[in-house]
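> how does the following fold in three dimensions:
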Amino acid sequence: MRTRNTLRTGFWIIGVWGICIGLIVFGSGTVRAAESLNITDLEIHTPTIAVPYYHYTAKLNLPKPDTISVKEIKINSEPERNYFLLDEGETLDPNRPKEWRRMALAYRVKDPHVKKVYSNPTLYGRMDWENGKSYEVEITLQLGDNPKNLYQGKATAVAPANGGYWDPAWKNYQSAVVTESEGIRRTREPVELTILMYADTIRDPAREIRVVQYDCQTHTHQEIPSQVIDFHEVNMTDPPAYNAKGELLPKMMVPTRCATVLFMASAEAKSSGVYLVFYNNPDAKAPGYPSTLKVSGNPPGIVIENDFYHLKMHKMNGMLDELIIKSKPEYKFVHKKETNGAIQWNPGAYAPPRAWVHISDWEPGKYDYEREEIRGPVALIIRQWGEMPQMPELMCSIVYKFYDGLPYFTFRSTVHVRNDVTVQVIRNSEVVFARECFDEAAWWDALQGKAETRRIVDYPDLTEWIMPDDTPWIAFFDRAKDCGYAGIQMEYLNSGLTAKLRTLNPYLYITVGPWLYWTRALVYPYGSNNPQHLIKIPEGSVFLEQWAYLPFELADGDSPFQDVEKLSEGLPKPLHVHLEEPISPEMQVPEEIYIEPTKTGWEE
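Numbering: from 1, shown residues only. Now for the predicted structure:
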């Protein structure tokens, strides 16, 4: 059972007759006669890293140092709710992300424990200005605790001639600050950004949403290709509720739209950039971005290509089946030997007396699975999920992502153990090629700080090379063909939903036989010196990992794996993304929170 408890003890509630403007509650009644507020140095600014939206600054010349409640801000007579204050001596580096804020909820309380006294503050406020237009800013303040102690002032300024609002046909936008923190220059790195929107501000996300890169140095906009890869609607709301005076309380929940947008971001080493996501244009036409990513054929056996590779997926299971590197069209890399011959096999498991199985054994009508494709100009995303063939204890999923203009693709896999299961094998990340495809293997040896290579085809069948489970990358290659295929670890996690996890000293290894393969041994007594042993994996165990796969040409000189090593530096440590969403005009700060009847809220 859930009840609604009012935020009260330790804080005074600001009456529900108000609504929150900016980050302070505005009164909806008539403003009392106010003293004159001297506003100077009104300046209109383009987005910066610290303030990643169109904005203005204004100096507030107070009659004396005091606490401040901003009661109302109007821009050309229209209310504006987004602002913050900096006092004299406080600085804001425009080229660094602003790391502090106060939650909108915080301003529902009257006594914040610490009351800040301002001497000579500067107000930063959002202003969606257009080039060359004139703007009047009107600000009403309360100084101190007396609600009658009001001050009001106005100032005007003309906006710059360029750098203003991208396109007024799009009525809303949210800002994303993308930051590179590893000291590596990033070029066209995939970013997936999720935004929440009020229901009346978006209708057709694929048609309406635009991503615009804003150059903070040149003050220019550039629309870049983007793709909506997920969208859902939540239409929940709470019934009307009233306080003891019969006044309507703010809603706890409102209908919400959620979209995830994929785009390519770039950043210099140790720097940040601004990307603006525009929406709310009912008349927008579908963007029609150009793309080198091509998809043909009938699912699941589709053909995928871009400027770097030509791939064919298996006609039954949808896993990677054939590979051609476009710069080496004379070679086709395949497996075509054991089981159904796919290159990509795992996750896989062996629980005798049941057969050894892999998700590459999925087959419509025999071992069914669910499949979803998302096609667009930026990426093709394939999601497949279902039970492991012959092992209903294991729920598995995989996600492929193939990108326009990038030489690699990614593969994410998850195994969820739904019931206790006794096995001799659980493996993941298996990549299998015919022995004739490559004759050497390489991997990054962190202990020695260099790439290790082995001419693996010179060894007898079932010879293995073992490496730590966090090895950054592994590759098969052939010097005569001057190319190879690499796997780069991006993410790896083993966990237990029931607070219990059992693995068997996970590691990665390479094996040679009629084929060449690498894989991760999560649980592998079958491959030990005592292959009859068994191990019970507890219910709730989860095994998750993500790899990037790179078909590559060997580099000249002593470092043939330069492309692999470069990607392995950045892909496991992606760009940081911070979303700056504005306070919407219809936002109301909820006055209550749902908690259990016998418990108190955090403020008590």
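> residue farthest from the centroid of the chain?
Ala33 (48.6 Å; CA atoms, centre = their mean).
> can you name the residues that contact it?
Ala33 sits next to Leu150 when contact means CB atoms under 8 Å, 6 or more residues apart in numbering. C-beta here means a position set from N, CA and C on the backbone, and glycine is covered the same way.
> what's the distance between it and Tyr350?
Separation of Ala33 from Tyr350 (CB to CB, to the nearest Å) stands at 83 Å.
> looking at strand pairing, list the partners for the residue most central in space within the chain.
What sits nearest the mean C-alpha location of the chain, by CA atoms, centre = their mean, is Glu192, with 4.2 Å. Under DSSP bridges, the beta-bridge partners of Glu192 are Leu262.
> now the one 4 residues further on
Listed beta-bridge partners, Leu196: Cys258 (assigned using DSSP bridges).
> isn't it up against Thr256?
Yes - if you go by CB atoms under 8 Å, Leu196 and Thr256 touch, sitting 5.6 Å apart.
> neighbour-wise, which of those two wins?
Neighbour count, other CB atoms under 10 Å: between Leu196 and Thr256, Thr256 has more, with 15 against 12.
> once you drop chain neighbours, what's closest to the more buried one?
Val234 (4.8 Å; CB to CB, 6 or more residues apart in numbering).
> what's the answer for Pro65, then?
Nearest to Pro65 is Ser119, by CB to CB, 6+ apart, at 4.5 Å.
> cool, Trp444 as well?
Distances taken as CB to CB, 6+ apart place Pro472 nearest to Trp444, at 4.6 Å, with adjacent residues excluded.
> count of residues packed around the one you found?
Pro472: 20 neighbours (other CB under 10 Å).
> residue contacts, it?
444, 446, 488-489, 568, 572.
> contact partners for the residue nearest to the centre of the chain?
With CB under 8 Å, 6+ apart, Glu192 has these contacts: 229, 260-262.
> of all the residues you listed, which comes closest to Gly540?
Thr260 (27.4 Å; CB to CB).
> and the closest one, how far is that from Thr503?
Counting by CB to CB, the gap from Thr260 to Thr503 is 32 Å.
> how is the protein partitioned into domains?
3-166+583-595, 174-288, 334-572 (automatic domain parsing).
> tabulate these in CSV, adding columns for distance to Val303.
Converted to CSV, these look like this (distance: least, CB to CB, whole Å):
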stretch, distance to Val303
domain 3-166+583-595, 37
domain 174-288, 20
domain 334-572, 11
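> next, count neighbours for Thr218.
11.
> tell me which of the domains of the chain is the most buried.
Counting by mean count of other CB atoms under 10 Å, domain 334-572 has the highest mean neighbour count of these, with a mean of 18.
> quick one: terminal-to-terminal distance for it?
27 Å (CA to CA, to the nearest Å).
> residues contacting Arg210?
Counting by CB under 8 Å, 6+ apart, Arg210 touches 170, 223, 226, 277-279, 284, 287.
> okay, and which of those residues map to strands?
223, 226, 277-279 (DSSP state E).
> three-state assignment of Leu544?
Here Leu544 is recorded as strand under DSSP: H, G, I helix; E, B strand; the rest coil.
> quickly note the distance from it to Ser413.
Look at Leu544 and Ser413: by CB to CB, they are 7 Å apart.
> now swap in Pro392 and tell me
As judged by CB to CB, Pro392 and Ser413 stand 18 Å apart.
> re earlier: where's the dip in pLDDT among the contacts of Pro472?
Within the set of the contacts of Pro472, pLDDT is lowest for Ala446 (93).
> and the helices in this protein?
In the chain, the helices defined using DSSP state H lie at 205-208, 562-570.
> just the CA coordinates for stretch 429-444, please, in PDB.
C-alpha atoms of stretch 429-444 as PDB (Å, rounded to 0.1, in the frame of the first residue of the first chain):
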ATOM      1  CA  SER A 429      32.200 -14.200 -27.100                       C
ATOM      2  CA  GLU A 430      33.100 -17.100 -29.500                       C
ATOM      3  CA  VAL A 431      34.300 -16.100 -32.900                       C
ATOM      4  CA  VAL A 432      35.100 -19.000 -35.300                       C
ATOM      5  CA  PHE A 433      36.900 -19.000 -38.700                       C
ATOM      6  CA  ALA A 434      38.000 -21.800 -41.000                       C
ATOM      7  CA  ARG A 435      41.700 -22.700 -40.400                       C
ATOM      8  CA  GLU A 436      42.500 -21.400 -43.900                       C
ATOM      9  CA  CYS A 437      41.400 -17.900 -43.300                       C
ATOM     10  CA  PHE A 438      44.200 -16.700 -41.000                       C
ATOM     11  CA  ASP A 439      47.500 -18.200 -39.800                       C
ATOM     12  CA  GLU A 440      48.400 -16.000 -36.900                       C
ATOM     13  CA  ALA A 441      46.800 -14.700 -33.700                       C
ATOM     14  CA  ALA A 442      47.600 -11.600 -31.600                       C
ATOM     15  CA  TRP A 443      46.500 -10.200 -28.300                       C
ATOM     16  CA  TRP A 444      47.500  -7.300 -26.000                       C
END
